[in-house]
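J.: task: produce atomic coordinates for the following.
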Amino acid sequence: MGGFFAGVAKVPIAALIMVAEMTGGYSLIVPMMIVSSLAYLLLGRTSLYEKQVDTRIDSPAHIGDYAVDIMDRLTVKDAVAKNRTVETIAERMRFEDIMQLMMSSNQQDFPVVDEAGNLTGILSMTDLRQATADRDLHGLLVAKDIALSGVMTVTMDDSLNTALKLMANADIRELPVVSKEERRKVISIISRKDITGTYHEEIERIKKPTLGKTQIGLWHHK
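T.: Now for the predicted structure:
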């Protein structure tokens, strides 16, 4: 009984424990381990359950249980668009010029850089709206006066989970991506949209083999 259940249900350890508990004896555990192992290996993919998947992550019912694991496995490099051009703002750019740049761009947050191209701050539409309150200062303001310092950044090797946590903690929509060797050199930018899009693509990729197996099983059943 232990050998049969281990082979057709693919649960050799559960079969071993169940049979031992049902019979109330443990004298045959060693030979039953051998039989269960042989049955499990010899029957291969043959199973009593047509819809049984290889692992829990292959099951649509449990796909959400692995959300964090998937986000930890995916990196910023997987989500960042390959040919994306990052629009930066020079520290000395005047207020009116910043307004024109932001209005004509699809980017939400703009890294502010010094003359050497090093990251010194970041500007968003929210920061700009706050600065527009006093019109008398518009002619005097430059990017450095408005930008937020202490910018949170990620590298291409950081996980999407890390990037999303930073965005959530700071309540921002985009993060500058910097070089791993030079942490003040901006090489790209990643948004919440990039992260969620990449996550859903990975979920669909994982689910496809499972759906294919289910369809084959239904076809055989018919």
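J.: grab the nearest non-local neighbour of the residue sitting nearest the centre point of the chain.
T.: Nearest residue to the geometric centre of the chain (C-alpha atoms, centre = their mean): residue 71, 2.7 Å. In this structure, residue 71 finds its nearest non-sequential neighbour in residue 161, 3.8 Å apart by C-beta to C-beta, 6 or more residues apart in numbering. Where you see a C-beta, it was placed from the backbone N, CA and C, and this is true even at glycine.
J.: residues of the helix or strand harbouring the one you found that come out buried?
T.: Here residue 161, judged by DSSP states H and E, is contained in helix 160-170. If you call a residue buried by 16 or more other C-beta atoms under 10 Å, then helix 160-170 has these buried ones: 160, 161, 162, 163, 164, 167.
J.: contacts for that helix?
T.: When contacts are defined by C-beta atoms under 8 Å, 6 or more residues apart in numbering, helix 160-170 is touched by residues 68, 71-72, 74-76, 78-79, 152, 154, 173-175, 190, 192, 195, 198-199.
J.: narrow these to those that are buried.
T.: Buried subset of the contacts of helix 160-170 (neighbour count, 16+ other C-beta under 10 Å): 71, 74-76, 78-79, 154, 174-175, 190, 192, 195, 198-199.
J.: check the secondary structure at the residue located most distally from the centre of the chain for me.
T.: What lies farthest from the middle of the chain is residue 27; by C-alpha atoms, centre = their mean that is 49.2 Å. Following DSSP: H, G, I helix; E, B strand; the rest coil, we place residue 27 in the coil state.
J.: pLDDT score assigned to it?
T.: We have a pLDDT of 79 for residue 27.
J.: which of the buried ones among the contacts of helix 160-170 fall within strands?
T.: Per DSSP state E, strands hold the following members of the buried ones among the contacts of helix 160-170: 174, 175, 190.
J.: what are the boundaries of the helices in the protein?
T.: 2-9, 12-23, 29-43, 67-73, 76-79, 95-103, 125-131, 143-146, 160-170, 192-221 (DSSP state H).
J.: which one, of those helices, ends up nearest to residue 181?
T.: Closest of the helices of the chain to residue 181 is helix 76-79, at 15.0 Å (criterion: C-beta to C-beta).
J.: quick one: low-confidence parts of the protein?
T.: 50-68, 133-137, 209-222 (pLDDT under 70).
J.: again, 90 this time
T.: In the predicted model of the chain, residues 1-73, 81-86, 95-109, 117, 123-151, 168-173, 182-184, 199-222 satisfy pLDDT under 90.
J.: and the helices of the chain as CSV, adding distance to residue 111?
T.: Output for those, formatted as CSV (distance: least, C-beta to C-beta, whole Å):
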stretch, distance to residue 111
helix 2-9, 56
helix 12-23, 54
helix 29-43, 56
helix 67-73, 24
helix 76-79, 15
helix 95-103, 12
helix 125-131, 13
helix 143-146, 10
helix 160-170, 14
helix 192-221, 16
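J.: how many residues are close by the closest residue to residue 70 other than its chain neighbours?
T.: Computed as C-beta to C-beta, 6+ apart, the closest residue to residue 70 that is not its neighbour in sequence is residue 202, at 5.6 Å. For residue 202, the tally of surrounding residues (other C-beta atoms under 10 Å) stands at 17.
J.: do I have it right that residue 11 meets residue 2?
T.: No. Applying C-beta atoms under 8 Å, one finds residue 11 not in contact with residue 2, separated by 10.3 Å.
J.: done for today, thanks.
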